[in-house]
Structures are given as C-alpha cells and as structure tokens.
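Q: I need the structure of the sequence given here:
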Amino acid sequence: MPLPHKLSSKPLLSAKALTCIREDRILFDDLHVEVYNGDIIQVEGPNGAGKTSLLRILSGLSTPYEGSVFFNGSNIKNAKEEFHQNLLYLGHLLGVKDEMTAQENLSFNLALQGLDHTLAEQTLKKVNLVGFEDALASHLSAGQHRRIALAQLWQTHAPIWILDEPFTAIDKTGVKNLESRFIEHADRGGCIILTTHQDLALPKERIKKITLDYRFY
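A: As a prediction, this is how the structure comes out:
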C-alpha cells in the first residue's frame, strides 16, 4: 500500500485505555495514544518503564492486560492482515539472516514485499554498506548488522513504522541519515513511533512525546 499523501483528521493508529502488567507490576494503565499521518512520536522513560512493551502492544505482537489498539478505526484483532501490510516493526531482534550476505538480506526483504530485488544495490548505498555487499551478515560488526535491518526503512511502503532503539550501534553519519529518512517519511504522510536513549536532532515541533514513568508496584 503506498503512503497516504493527504493528511487525515482521524488517527492512523490509536490505542484506548491500555494497561500493561509484567511480573505483577503495572507498567502503565489507562494509556491513550493517537498517531496521525505525519507524526514522529518518541516514547521516553527509564529502563523498566514499559517502552518496549508499549511498542509491542501497538504493533500487535503483545496483548495488553486491558485496552485495545485500532488501525484506521478498526480493532487490529479484526484487521490483522491489512494492519501488518501497513506496518514495519523493528525490535531488538533484527530479523537479519546470518547465513545470507548483506545484499541477499536486502533482496530477500524486497522479494517478501513483491518488489524488484535489484533495488537492493541502491539501498546498500543508503545505509553505507557498499563494499560489504558480499559479506555474510555473521561476519559483520554490530553496527553493520543493524544497518542491514534498517535498510528496510528505504525499502518498505508501509506507512506505520514502530522502531525500538533504531540508533543502537549506529555512528553519527548513520544517525543523521536515519533522521533525514524519518522527516522524509513523515512528510509523505507516514508516521513513526520510536524509542531512543539519545536526543533527536530534529526540530522540536516535529516531535511528539509519550513519557512513561517507572512504577514500583
């Protein structure tokens, strides 16, 4: 599905009255979220506050103790296929296949989306992996490994991006490229929900924040 070019007055992704409990501790409760076309939302808070849990709930990978998540007004439980076609989720497990080369990983992801696998070469340039295209992913550094996964940000047509710590092991040039890609995606009508321990070098007016507090009970 191509990115929507017209901004909507209705949220693209929303959540109502979310409660998340882990090991008998309430991470958050009665949390409401609205994400519109063009939004860049940073989820912030200390370790253990529930940032990753929230991203997993919003992406449909985890079930909240209470509350619901909606895509275009429909509960994602009832619109799983359509929702996942419009979602790119990158978590701590990157989904990179170690037995494949960098270029084979990129070609594989393109093929999964029914896109031209020859576009992989262009994407290698975007993530600064030229010269490493024939190296097995298992032989690459942590930063190069992550860039293989992040290359999907230049390959996908999904409007909703949910990214857990995308800047981990990425150098300053890579961070700058990612931030430029975020702006480009949002300007085209996509939305981004992310966690990061570093400050975003984006205009403050472009960033919305969801702040979670650590609870001891």
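
Q: Next, work out how far apart the residue nearest to Leu115 when sequence neighbours are not counted and Val175 are.
A: Excluding the flanking residues, the one nearest Leu115 by Cβ to Cβ, 6 or more residues apart in numbering is Gln155, at 6.9 Å. Placement of C-beta: from N, CA and C, glycine included. Distance from Gln155 to Val175, counting by Cβ to Cβ, to the nearest Å: 19 Å.

Q: which of these two has more neighbours?
A: Per other Cβ atoms under 10 Å, whichever of Gln155 and Val175 has more neighbours is Gln155, with 20 against 16.

Q: which ones are touching that one?
A: Gln155 sits next to Leu106, Asn109, Leu110, Gln113, Leu115, Leu119, Thr123 when contact means Cβ atoms under 8 Å, 6 or more residues apart in numbering.

Q: For Ser141, see how far away it is.
A: Counting by Cβ to Cβ - Gln155 and Ser141 are separated by 21 Å.

Q: for Gly38, same thing?
A: The value you get for Gly38 to Ser141, if Cβ to Cβ is used, is 34 Å.

Q: Between the two, point out the one with more neighbours.
A: Neighbour count, other Cβ under 10 Å: between Gly38 and Ser141, Gly38 has more, with 18 against 10.

Q: tell me the pLDDT at Asn86?
A: At Asn86, the model reports a pLDDT of 96.

Q: what residues are up against it?
A: The contact partners of Asn86, taken as Cβ under 8 Å, 6+ apart, are Met1, Phe71, Ala158, Pro159, Ile160.

Q: pretty sure the second one contacts Leu12?
A: Think Phe71. Yes - at 7.3 Å, Phe71 and Leu12 qualify as touching, with contact defined as Cβ atoms under 8 Å.

Q: Identify the contacts common to these two.
A: Ile160.

Q: Where does Glu104 sit, in terms of helix or strand?
A: Here Glu104, judged by DSSP states H and E, is contained in helix 102-112.

Q: who touches that helix?
A: Residues lying outside helix 102-112 but in contact with it, judged by Cβ under 8 Å, 6+ apart, are 96-97, 100, 116-117, 119-121, 123-124, 129, 132-135, 137, 140, 144, 148, 151-152, 155.

Q: Kindly export it (C-alpha atoms) in PDB.
A: The C-alpha coordinates for helix 102-112 follow below in PDB (Å, rounded to 0.1, in the frame of the first residue of the first chain):
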ATOM      1  CA  ALA A 102      24.200  -8.200   3.100                       C
ATOM      2  CA  GLN A 103      22.800  -7.900  -0.400                       C
ATOM      3  CA  GLU A 104      21.000 -11.200  -0.100                       C
ATOM      4  CA  ASN A 105      19.200 -10.000   3.000                       C
ATOM      5  CA  LEU A 106      18.100  -6.800   1.300                       C
ATOM      6  CA  SER A 107      17.000  -8.700  -1.800                       C
ATOM      7  CA  PHE A 108      15.100 -11.100   0.400                       C
ATOM      8  CA  ASN A 109      13.200  -8.300   2.100                       C
ATOM      9  CA  LEU A 110      12.300  -6.800  -1.200                       C
ATOM     10  CA  ALA A 111      11.000 -10.100  -2.500                       C
ATOM     11  CA  LEU A 112       8.800 -10.500   0.500                       C
END
